[in-house]
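A.B. asks: Sequence plus predicted model, see below.
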Amino acid sequence: MITLGLRVEDVDERFVKGTGAGGQKINKTSSTVWLRHRPSGVEVRCQAGRSQAANREQAWGELCDKLEAIRRDAKLAVKQEKETERRRTRQKSPRQKARMVDAKKHRSRHKAHRGRVRDHD
């Protein structure tokens, strides 16, 4: 949490009643943990076990994992953008230049064989 800069004050924590299979026990106790990180809007809900404390610990772990993944993806996007810009603006190799000039000459010869457009009055 410290390395992510996650502050406990930024997280809403609620304990709610569970849903799904489990019978009467799951429907009566508030063992499900729901966390919401306000600045990013990331929500986590954990109902893995019957213990509220274990669910709470797992929910905090999942929240940290999600926030870390979001930050990692943002860094990766910036890195890819820089790499794309670097590739777009780099100089052509001598071989690439020679191929480009040959292609232009070939296209020029092809167009030179065309006749002029004449008006038919």
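C.D. replies: Okay, I see it.

A.B. asks: Now do the same for the most centrally placed residue in the chain: helix, strand or coil?
C.D. replies: Geometric centre of the chain, nearest residue: Asp73, 4.5 Å, by C-alpha atoms, centre = their mean. Three-state call for Asp73 (DSSP: H, G, I helix; E, B strand; the rest coil): helix.

A.B. asks: mind listing the strands for this structure?
C.D. replies: Under the criterion DSSP state E, the chain contains strands at 11-16, 32-37, 42-46.

A.B. asks: Quick check: which ranges of this protein have low pLDDT?
C.D. replies: By pLDDT under 70, the weakly predicted segments of the chain are 1-2, 121.

A.B. asks: 80 - rerun?
C.D. replies: Scanning the chain for pLDDT under 80 picks out 1-5, 18-29, 115-121.

A.B. asks: would you list every one of the helices in it?
C.D. replies: Using DSSP state H, the helices assigned to the chain run over residues 23-28, 52-89, 94-112.

A.B. asks: Single out the most deeply packed of these.
C.D. replies: Ranked by mean neighbour count under mean count of other C-beta atoms under 10 Å, those are led by helix 52-89, which reaches a mean of 13. To be clear about C-beta, it is placed using only N, CA and C from the backbone, and glycine gets the same treatment.
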